[in-house]
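Student: how does the following fold in three dimensions:
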Amino acid sequence: MMAWIPKVSPAFTRRSLSLFLNSKYICSSCVNKRPSVCPFVARRGFADLKYESEDLAERIDAIPMERYRNFSIVAHVDHGKSTLSDRLLIMTGTIPEGSQGQFLDRLDVERERGITVKAQTCTMLYNYKGEDYLLHLVDTPGHVDFRAEVSRSYASCGGALLLVDASQGVQAQTVANFFLAYSLGLELIPVINKIDLDHADIPRAREQIETMFELDPDGAIAVSAKRGTNVEQILPAVIERIPPPSGGKETPLRCLLVDSWFDNYLGVIVLIYVADGTLKKGDKVMSAHTRKRYDIKELGILHPDRKSMQHLRTGQVGYAVLGMKNISEALVGDTIMHLGSEVEPLPGFEEPQPMVFVGAFPAEGVEFTAIDDRVNQLVLNDRSVSLQRENSNALGQGWRIGFLGTLHASVFQDRLQQEYGASLIITAPTVPYKIVMKDGTEKIIRNPDEFPDPALMKSKVQDLQEPMVKAIMSFPQEYLGDIILICEANRGTQVDMTFLSHGNQVLLQYIIPTAHLVDDFFGKLKGVSKGYATLDYEDAGYQSADLVKMQLLVNGNSVDALAQVMHRSLAERRGKEWVQRFKKFLRSQLFEIVIQAAIGSKILARETIKARRKDVTAKLHAADISRRKKLLQNQKEGKKNMRQIGRVTIPQEVRV
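Tutor: Coordinates of the predicted model:
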């Protein structure tokens, strides 16, 4: 085991020092600093360098559980959550000054969109009043599509920083994430960010924190994460106001599985929170829900990269390599326990249920087998995605993919294009519907092909139900009338309306069908509010609805990939839009093409593309009437026969 490095000549060059950049060596005189920024190393040579993992493990082992603090950051999109995380990592010496921005946002799509898609964690060491504290930061997604992952991340924390933008105030996701954190019993510390902006309104933000969340506004910390103003006040507040983890050091092992990802060399790596007991390298463990057995091949902490340790104690959050090959076995919220020492599983486990389904097909010229490997590889790192093969008469071989929401689907497509260069044709999103049969059984249908035939509807089906969501919208009061009209037009039911900040801001809650939510509801909201409205939502169960399956017919043949289930009140208007839009994608043929929107045998709308015709009478004399009629009749019969055997090719870019 490596301890101290022999002292070398003091007159070493910058080049020799650069050999240690990004290595696993740190200075023993200032453990938090890297060699590249360490004044001791620059003066005295490499004699002060020590192997990092060894010193880090010794330092962590010396910290009692009473000085552990696990916390996360609760915020709306673009309120500065990732920037604040960077500041805390730099302040504790976890990453060097000048590191790239949004350090914990590892995906390209996260940096481009300014959102957090995958929860990232980091362990930090912080010296406060002469004593070392072990701090664990969870940078969670803010969007509701990733709510299951967020709730399990919160379950590993004792508190959270409630981040509010001083210029924008409390917004929809702030409210939704607050209630989630509050329901889990987290101690909340309000933080007002972006106080350096000219239009920052700190008194308004404090008032909203008091009225909306019933938190003490005097306890709010006003900071500028971008410039570092007052950020040094946050970690002392975390230590003083957030309680340490609760758990038994001597009790049987219980670990909460918080997250998982796939490594090409190690297989599945899981992020775990040790709620009780101690987990050691080489231990034999078992999953409480899958009942499968594993060996702990490697474990450690994220600081910010993986640092191998010999054990994880109660209250710590770290990673573990179990020898798991299939990520479907890594159930978020599962409990890991010692083999032969079964305990009661930790509460809160639930399987993520996809809420939005799309059909995906390779773009023209892309080989299916090649893109199939890429899609499956991406699914390895996101077990909340459901994937199954699908065949379409129009678009060929593809997949039916289920996502947690529309943002989740959009991010998946972007990641596929950015990380693997693949191109997909995505059909319009659909949602899962519930069918209650007369014999009492229930069935969830995720594909329009599974919708019952109209002939069997009366005899076997008792009720049809559609999923609903509770939409939480925040916007300036001047747009209230237009937004209410949009909600009503989307079959919404008002639940609550609250005026914030002396009536300047409105918080509106509506119950609306999920099918309308995925139909660009947020885009419509942004349009009428000139971009000022924010939206968050949560599942509101199922409600009975008059549902029908509408098909698109081309010369009497159904285009199965474009069929949709919808409410009957929308069918006629949507059918007319369908056939008019679809007509633009088809080329004229030598025979007539009839495009129809139908529910069962009932035709709702029709468009016709006339056949291309050759002037067969061009060479005839004007007086030859009988010959003219015969040629036109023969042409008419030929067109009729051609239509019966002709085949219309559906372009792959079609997306109704």
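Student: listing partners with orientation, what would you give for the longest strand belonging to the chain?
Tutor: The longest strand of the chain (DSSP state E) is strand 461-476. According to DSSP bridges, strand 461-476 forms sheet pairs with strand 433-437 (antiparallel), strand 505-513 (antiparallel), strand 534-544 (antiparallel).
Student: restricting to C-alpha, output it in PDB.
Tutor: Extracted C-alpha coordinates of strand 461-476, given in PDB (Å, rounded to 0.1, in the frame of the first residue of the first chain):
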ATOM      1  CA  VAL A 461     -66.600  -3.800 -22.200                       C
ATOM      2  CA  GLN A 462     -68.100  -2.100 -19.200                       C
ATOM      3  CA  ASP A 463     -66.000   1.100 -19.000                       C
ATOM      4  CA  LEU A 464     -63.300   2.900 -20.800                       C
ATOM      5  CA  GLN A 465     -61.000   5.200 -18.800                       C
ATOM      6  CA  GLU A 466     -58.300   7.700 -19.600                       C
ATOM      7  CA  PRO A 467     -55.300   8.900 -17.500                       C
ATOM      8  CA  MET A 468     -55.500  12.400 -15.900                       C
ATOM      9  CA  VAL A 469     -52.900  14.700 -14.500                       C
ATOM     10  CA  LYS A 470     -53.000  17.600 -12.100                       C
ATOM     11  CA  ALA A 471     -51.400  20.600 -14.000                       C
ATOM     12  CA  ILE A 472     -49.800  23.300 -11.900                       C
ATOM     13  CA  MET A 473     -49.200  26.600 -13.800                       C
ATOM     14  CA  SER A 474     -47.500  29.800 -12.800                       C
ATOM     15  CA  PHE A 475     -47.800  33.000 -14.800                       C
ATOM     16  CA  PRO A 476     -48.400  36.800 -14.700                       C
END
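Student: got the buried residues for that strand?
Tutor: 461, 464-475 (16 or more other CB atoms under 10 Å). Yep, even glycine has a C-beta here, placed from its N, CA and C like the rest.
Student: quick revisit: for the strands paired with strand 461-476, which one ends up most surrounded?
Tutor: Highest mean neighbour count among the strands paired with strand 461-476 (mean count of other CB atoms under 10 Å): strand 505-513, with a mean of 21.
Student: local confidence estimate at the closest residue to Tyr479 other than its chain neighbours?
Tutor: Nearest in space to Tyr479, with sequence neighbours left out and distances taken as CB to CB, 6 or more residues apart in numbering, is Ser529 at 4.4 Å. Here, the pLDDT recorded for Ser529 equals 83.
Student: list phi and psi for Ser529.
Tutor: phi -100, psi 10 (degrees, to the nearest 10).
Student: hmm, Leu480 and it touching each other?
Tutor: No - applying CB atoms under 8 Å, one finds Ser529 not in contact with Leu480, separated by 9.7 Å.
Student: can you list the strands that the helix or strand hosting Pro190 pairs with?
Tutor: Here Pro190 sits within strand 187-193, counting by DSSP states H and E. If you go by DSSP bridges, strand 187-193 pairs up with strand 159-165 (parallel), strand 221-222 (parallel).
Student: tell me the contacts of the residue lying closest to Thr498 once chain neighbours are set aside?
Tutor: Nearest residue to Thr498, sequence neighbours excluded (CB to CB, 6+ apart): Leu507, at 4.3 Å. For Leu507, the contact set (CB atoms under 8 Å, 6 or more residues apart in numbering) comprises Val170, Ala172, Val175, Met212, Ile472, Met473, Ser474, Asp496, Met497, Thr498, Phe499, Leu500.
Student: same list (the residues you listed) but as a markdown table, adding pLDDT, distance to Ala360 and secondary structure.
Tutor: Conversion of the contacts of Leu507 to a markdown table gives the following (pLDDT from 0 to 100; distance: CB to CB, whole Å; DSSP: H, G, I helix; E, B strand; the rest coil):
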| residue | pLDDT | distance to Ala360 | secondary structure |
| --- | --- | --- | --- |
| Val170 | 81 | 37 | coil |
| Ala172 | 71 | 29 | helix |
| Val175 | 78 | 34 | helix |
| Met212 | 81 | 40 | helix |
| Ile472 | 86 | 30 | strand |
| Met473 | 86 | 30 | strand |
| Ser474 | 82 | 33 | strand |
| Asp496 | 90 | 38 | strand |
| Met497 | 90 | 39 | strand |
| Thr498 | 86 | 40 | strand |
| Phe499 | 84 | 43 | strand |
| Leu500 | 73 | 41 | strand |
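Student: emit the ChimeraX select command for whichever of those residues are buried.
Tutor: The ChimeraX command for the buried members of those (criterion: 16+ other CB under 10 Å) is given here:
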select :170,172,175,212,472,473,474,500
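Student: next, count neighbours for Ala528.
Tutor: Residue 528: Val, not Ala. Neighbourhood size, Val528 [other CB atoms under 10 Å]: 15.
Student: distance of it from Met473?
Tutor: 11 Å (CB to CB, to the nearest Å).
Student: who touches both of these two?
Tutor: Ile483.
Student: which helix or strand in this structure has the lowest average pLDDT?
Tutor: One helix or strand of the chain scores below all others by mean pLDDT, DSSP states H and E: helix 14-18, with a mean of 38.
Student: residues near Asp165, how many?
Tutor: Look at Asp165: counted by other CB under 10 Å, it has 22 neighbours.
Student: beta partners for it?
Tutor: Gly169, Asn193.
Student: how about Val554?
Tutor: Counting by DSSP bridges, the residues bridging with Val554 are Asn557, Ile595.
Student: let's have the chain start at 55 instead
Tutor: That works, and once the first residue is 55, the last one we named lands at Val608.
Student: circling back: between the contacts of Leu561, which sits nearest Arg681?
Tutor: Met527 (71.4 Å; CB to CB).
Student: who touches that closest one in this structure?
Tutor: Counted by CB under 8 Å, 6+ apart, Met527 has contacts Ala226, Ile537, Val560, Leu561, Leu562, Gln563, Tyr564, Leu579, Ala587, Thr588, Leu589.
Student: please apply the same query to Asp186.
Tutor: By CB under 8 Å, 6+ apart, Asp186 lies in contact with Arg113, Ala116, Ile117, Arg121, Leu179, Tyr180.
Student: let's see it at 7 Å
Tutor: The contact partners of Asp186, taken as CB atoms under 7 Å, 6 or more residues apart in numbering, are Arg113, Ile117, Arg121, Leu179.
Student: if I look at the third one, how far off is Glu691?
Tutor: In other words, Arg121. For Arg121 relative to Glu691 (CB to CB), the value is 91 Å.
Student: which one's more surrounded, those two?
Tutor: Between Arg121 and Glu691, Arg121 has the larger neighbour count (other CB under 10 Å), namely 17 against 10.
Student: surely the more buried one touches Gly184?
Tutor: No - here Arg121 lies out of contact with Gly184, judged by CB atoms under 7 Å, at a distance of 11.7 Å.
Student: and the strands paired with strand 515-530: which comes nearest Arg281?
Tutor: Of all these, strand 588-598 sits nearest to Arg281, with 25.0 Å by CB to CB.
Student: hmm, who's touching the closest one?
Tutor: With CB under 7 Å, 6+ apart as the test, strand 588-598 has contacts from 130, 198, 225-227, 230, 488, 517-528, 565, 571, 576, 579.
Student: same check on stretch 408-419?
Tutor: 422, 425, 440, 444, 446, 449-450, 452-460, 463, 477-481, 483-486, 500, 521, 568, 572, 615, 706.
Student: nice, that's everything, thank you.
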